[in-house]
Each structure stands twice: as structure tokens, then as C-alpha cells.
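Engineer: give me the fold of what follows.
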Amino acid sequence: MKIQLGTLFVTSAVLVGPAAAQDATSLLQAADKAIGASAVKSVVYTGTGRMGYVGQQFATGDLPRTDLKSYTMSIDYGNKSSKEEFVRVQGNNIPQGGGLGFPVQGEQRQGNFVSGGFAWNLNQQGQPNPQPGNVEIGQFMIQTSPHGFIKAALEAKDATLTERYFGRTGQTFKVVGFTTMGKYRVTGEFNNDNLLERVVTWIPNPVMGDMMVEIRYNDYKDVGGGVKFPFHIHGHQGDHPLIPGGHNWIDVRVTDAKANAEVTVPVPDNVRSAPAPQVRVVATKLGEGVWLMGGGSHNSLAVEFKDFITVIEGPLNEERSNAVIAEVKKTIPNKPIRYLVNTHNHFDHLGGTRTYVAQGATVITDDKNRDFYRQVVLAPQPRTLSPDRLSQFPAAPTGPGTLALQTFSDRYTISDGQKAIELFHIENLNHSDNMLVAYLPQEKILINADLYTPPAQGATPPNVSPNAVVLFNNIKRLKLDVAQHVPIHGNPGTQADFERIVGPVAAQSRPTGGGG
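Structural biologist: Modelled structure (predicted):
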């Protein structure tokens, strides 16, 4: 993390040792008095603004953005609970990029909750959906709020004080840094009025490693009882020195804030009784030497060649990829995984990629991904919060400096002279500008991510998305003879169903170019 700090900030003075700790305590006590942190047991604030989908951007540029028609955050510091409830609308934001339910049609109501040792969100039907993996991060983020930061810093045993001078604004900030929950390093910048203006920290991410989170607090106002609260909150997630531009995550203009209001976050029964999550991989044979590795929210495919295996898609995280790799080796023994095909750069489809590189595989993806994958995803950088195999053994098994990445612009073929996988760039897609599909010509199988999910047998066909229309038009452009569609999300379906469901909508939109 020191490397990241050095690239992002210039420190004009550094105080160390017992004196620094004492100075940190004095500053925190002054900050406590300035906003009444010790008197705040809970806080509830509401507002409007905008929110981005983290990890769902184009190859370069900002996060996909939606407007927040309403936003409410409720925090109970004593009970270590919070609930974030908001309504998203698309507004005038450009519908480019991904994310569940993006672009938003009408109003999208969402919620994220944490209470003690439980975390959950709301699914698209508004029902509680257990998220046990979010408990720790949810608890930690409570401590990045202004009052939570001061409370946690005063309790920390390693709080230190430094100063940072920003030439751009001509300001010098006092900076308190400390470690919380045994591993999270967090810093807070205080102005001359002892008001917390910015928090910088890192959270674990399978793609980014120790991913930077920055939250800015401005426009403090009295909310009663000697308590102040910032009425403008702006946050970034995933900013990196080698990624152009900033990744704007949230911006809230607060319209009302209350301290010590009643906050209750009851744990739903289905969340409390939910079994421990397990990684499930089910191998289903689709053709000779072609296996669907399903059983979860995201699929992978394994294709057997004469002397090697190619896996299509390494989604989610290392845990998922390890389970898929184990099933692949069980299903196709005694052959190495030589290639991993990655469909596009969205984090849920990219999160397990590093696991395959650690196994010695070469990643094949769109050329627009090249710089990001080489400089960030596969590059050595801090992964202290959640180390993976590649970070622990960066030189093995491929050797120093030989992390393998193969990119292409329009089309690419993997072949052993008998079996082949053909990869094609998808044009005119608003979901991603670096999307590929994989086609198996012998089996007439087309593999897609996020473009088309066949309906279950006998189910009512879903509304046709612009992404499916783009896929339809690209199949025609490439003159692919498809018999079966295999999605990364969901179950396989026939080309006949695809033509019946998507064809009429594609025919209507064709005069306008059929964009995604």
C-alpha cells in the first residue's frame, strides 16, 4: 500500500513515534469536538445524486452512471449495522457499460444491508438475498463515515499524524492514518477547522487487488445537538495511476440529516438461516470434447484439444476458478490448460483470470483490454488484503516477466489442426466495447456473455434486450452457422428459439443500425 500512497500523494512532513501518536490523539479530539462525533450514536441522511456501476465500464473511461432519484443511508454505530436504500433511474446518462439492470428501465429500487455478522441485499423482486461475503466490508465502510472514522481512529492503537501539502489548491491537510479490523489501513484528511474532508482506503478486489476507495466530505452543516454533517458526499472506487480518468462511484447531495434517530436493521429469517455458501461446479457434456462448467451464477466452458485444454471465461474470483479448474482436470485428465479466453473486461467476468495465469495459461482477449490487463490485472501490485496464488508466486510457473497475454482486434482462431475455436469481436455494442464471442464450427456452438440468455423450456420468452439484437446482427454479419447458444449466464438454447425470439425485434431495429 505504500507504493500506492507514493504515487498518489506528496507528503510534505512526516511525524513518527510516540509524539506522532500523541499529536494524532489531540487532532482527533479536536475533530470530535468540531462535529460532535462522540455524541452520535446513529445517523440517518437522505438526498439525491448519481451512482456508478463499479467494474462495469468500457475498456477506458468512467463507470456507467445512473441518477439517484432518492438515497437514504442509516447507520447505527453501537449495533454495527447500516442500511443503504436507493432508487435508480437512467436519467440523461449515456447507456454505455454494464451492471445488473443497466441501462435502467423506469425505476430500480435497491438496498444493501449489514447487521452484526449478517449482510444482504435486495433482489430485483425486492426480496432479501444473503451476501455473507459482504459482512466484513460492510462493517468496515461504517468506519469511513465522518463520525465513524473519528470514533474508530480514537480507539486505534497505531494512529499517526502526517501533513500533506497540495500545490493545486495551496492547502495543507493534517492526515490521520490507522489500521482497523486487523488489516484495513485508512487515512483521513482534516482541514484547518478540524473537519474531515477526505478518506482514502483500500478494499480487496479480485481484479484490482488492494482497490483504492476515496470519499470526499464537504459542505458541513449543523444538524442539532452540536452535531455537524457533510451535505455533499462524493466517492471514487478503482482509481489507479495507470488508468486514465477517475472512476466516479457515488455523489450525493444531502437534503436532510439527523443524528441519533432510531435505526433498526432486523435480519430477515432467510438471511439468518442461510447455509454457508459453497462453490458448486457441474460438468455437462455439450459435444465431443466440449463441456459446460456450470452450477453457479456464471458458467465456464472447457474445450479439449489434442494436447491441451482451452477454458472459456474465468469469472468471479479465485475460489470459483480453483473449483472449475479442479473439475476440468477431473473431466479431462492429463492435459494442461493452455489458454483462457476472456470475453470482456467487466469484473464479474474477469475476477478469476489471474488463477489461470498462475496455472501457466495464456489469456486471450480483445486488444482494447491489453493495457489494463498488462499494467493492472496481471501486473505485480499490492494484494495484501486478499492475496491470491499469482501474487504469492508471481514467477511460477511461467517464469519472470512472462505473464502471458494474447490479444486480437477482429478475429482469432485456436486450433490443433482438427478442433477449432473461433473468436470474434462484437461490433456496435453499448454493453462493452471489448466484447468477444466464441464459436465452435464443428459443433456449431456459439458462446456469449451478457448478450443473450435462452429462456427455460416452456417459459415465457423474456423481453428482448438491445444486446441480443446486437448479437443477432453480428451473427448475420459474420455468417455463422449456429445450432446452439451457450451463455455464460444461464442454460443453453437453440438457434431456432433465438431466431423466433430475437429475429422480429432485430428486423424492426435494423433501419436504425441495431445498436446495443
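Engineer: which of the residues in stretch 384-398 are classified as buried?
Structural biologist: 385, 388, 389, 390, 391, 394, 398 (16 or more other CB atoms under 10 Å). Bear in mind the C-beta positions are built from the backbone N, C-alpha and C, glycine included.
Engineer: please read the previous query as pertaining to stretch 32-51.
Structural biologist: Result for stretch 32-51 [16+ other CB under 10 Å]: buried residues 32, 34-37, 40, 42-51.
Engineer: try stretch 159-176
Structural biologist: 159, 160, 161, 162, 164, 173, 174, 175, 176.
Engineer: how about the buried residues of stretch 32-51, which pair is most distant?
Structural biologist: 32 and 50 (31.3 Å; CB to CB).
Engineer: so which of the buried residues of stretch 32-51 sit within strands?
Structural biologist: 42, 43, 44, 45, 46, 47, 48, 49, 50, 51 (DSSP state E).
Engineer: TSV for the residues you listed, including pLDDT and distance to residue 476?
Structural biologist: TSV is the format used below for these (pLDDT from 0 to 100; distance: CB to CB, whole Å):
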residue	pLDDT	distance to residue 476
42	98	58
43	98	55
44	98	53
45	98	51
46	98	49
47	98	47
48	98	43
49	98	41
50	98	37
51	98	36
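Engineer: mind giving me CSV with those residues and columns for distance to residue 460?
Structural biologist: Converted to CSV, these look like this (distance: CB to CB, whole Å):
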residue, distance to residue 460
42, 45
43, 45
44, 41
45, 41
46, 38
47, 39
48, 36
49, 36
50, 34
51, 31
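Engineer: from those, which is closest to residue 343?
Structural biologist: After measuring those against residue 343 - CB to CB - the closest member comes out as residue 51, at 25.1 Å.
Engineer: that closest one reaches residue 64, doesn't it?
Structural biologist: No - with contact defined as CB atoms under 8 Å, residue 51 and residue 64 do not form a contacting pair (9.7 Å).
Engineer: what stretches of the stretch 401-516 of the chain score poorly on pLDDT?
Structural biologist: 401-403, 510-516 (pLDDT under 70).
Engineer: repeat that for 50
Structural biologist: 401, 511-516 (pLDDT under 50).
Engineer: so where do the helices sit in it?
Structural biologist: 466-478, 495-509 (DSSP state H, counting those that start in this stretch).
Engineer: give me the angle between the shortest one and helix 495-509.
Structural biologist: Helix 466-478 runs at 100 degrees relative to helix 495-509, counting by axes from the mean of the first three to the mean of the last three CA atoms, to 10 degrees.
Engineer: how far out from the middle of the chain is helix 466-478?
Structural biologist: 27 Å (CA atoms, centre = their mean, to the nearest Å).
Engineer: just stretch 361-377 next, same as before
Structural biologist: For stretch 361-377, the distance to the chain centre is 17 Å (CA atoms, centre = their mean).
Engineer: in it, what's buried?
Structural biologist: So stretch 361-377, judged by 16+ other CB under 10 Å, has buried residues 361-366, 368-370, 372-373, 376-377.
Engineer: so of these, which ones are in strands?
Structural biologist: Counting by DSSP E, these contribute 362, 363, 364, 365, 366 to strands.
Engineer: can you list those in a markdown table and add pLDDT and distance to residue 458?
Structural biologist: Output for these, formatted as a markdown table (pLDDT from 0 to 100; distance: CB to CB, whole Å):
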| residue | pLDDT | distance to residue 458 |
| --- | --- | --- |
| 362 | 96 | 41 |
| 363 | 97 | 38 |
| 364 | 98 | 37 |
| 365 | 98 | 36 |
| 366 | 98 | 36 |
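Engineer: and the buried residues of stretch 361-377, which two are furthest apart?
Structural biologist: Most distant of the buried residues of stretch 361-377, by CB to CB, are 361 and 368, 20.6 Å apart.
Engineer: closest to residue 325 among the buried residues of stretch 384-398?
Structural biologist: When these are compared against residue 325 (criterion: CB to CB), the nearest one is residue 389, at 10.7 Å.
Engineer: any low-confidence regions in the stretch 1-150 of the chain?
Structural biologist: Ranges of the stretch 1-150 of the chain meeting pLDDT under 50: 1-16.
Engineer: can you map out the strands along it?
Structural biologist: 11-14, 42-52, 65-76, 81-89, 108-115, 118-122, 128-130 (DSSP state E, counting those that start in this stretch).
Engineer: most centrally placed residue in the protein?
Structural biologist: Centroid check for the chain by CA atoms, centre = their mean gives residue 55 as the closest residue, at 4.1 Å.
Engineer: quickly note the distance from that one to residue 205.
Structural biologist: Shown here: residue 55 relative to residue 205, a distance of 8 Å by CB to CB, to the nearest Å.
Engineer: quickly list what's touching both of these two.
Structural biologist: 238, 347 (CB atoms under 8 Å, 6 or more residues apart in numbering).
Engineer: follow-up on the earlier one: pretty sure the residue nearest to the centre of the chain contacts residue 211?
Structural biologist: No - counting by CB under 8 Å, residue 55 does not reach residue 211; the two are 9.2 Å apart.
Engineer: give the intersection of the neighbour lists for the two.
Structural biologist: 205, 238.
Engineer: can you give me the strands in the stretch 151-300 of the chain?
Structural biologist: So, for the stretch 151-300 of the chain - with DSSP E, counting those that start in this stretch - the strands run 160-166, 171-180, 184-190, 196-205, 209-224, 227-237, 248-259, 282-287, 290-294, 300-304.
Engineer: can you name every helix or strand that the last one contacts?
Structural biologist: Applying 3 or more CB pairs under 8 Å, 6 or more residues apart in numbering; DSSP states H and E, one finds that strand 300-304 contacts strand 290-294, strand 309-312, helix 318-331.
Engineer: list the buried ones in stretch 307-314?
Structural biologist: Buried residues in stretch 307-314 (16+ other CB under 10 Å): 308, 309, 310, 311, 312, 313, 314.
Engineer: of all these, which two lie farthest apart?
Structural biologist: Once CB to CB is applied, the buried residues of stretch 307-314 give 308 and 313 as the farthest pair, at 17.1 Å.
Engineer: what is residue 198 paired to in the beta sheet?
Structural biologist: Beta-bridge partners recorded for residue 198 (DSSP bridges): residue 189, residue 216.
Engineer: now the helices of the stretch 401-516 of the chain in CSV, with distance to residue 120 and mean neighbour count?
Structural biologist: Converted to CSV, the helices of the stretch 401-516 of the chain look like this (distance: least, CB to CB, whole Å; neighbours: other CB atoms under 10 Å):
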stretch, distance to residue 120, mean neighbour count
helix 466-478, 28, 21
helix 495-509, 33, 15
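Engineer: nearest to residue 452, out of those?
Structural biologist: helix 466-478 (4.4 Å).
Engineer: give me the contacts around that closest one.
Structural biologist: 424, 426-431, 437, 446, 448, 450-452, 482, 498, 501-503, 505-506, 509-510, 514-516.
Engineer: in strands, which of those fall?
Structural biologist: Those of the contacts of helix 466-478 lying in strands (DSSP E): 424, 437, 446, 448.
Engineer: just the residues you listed now: which is nearest residue 190?
Structural biologist: residue 448 (50.1 Å).
Engineer: could you give the bridge partners of the closest one?
Structural biologist: residue 487.
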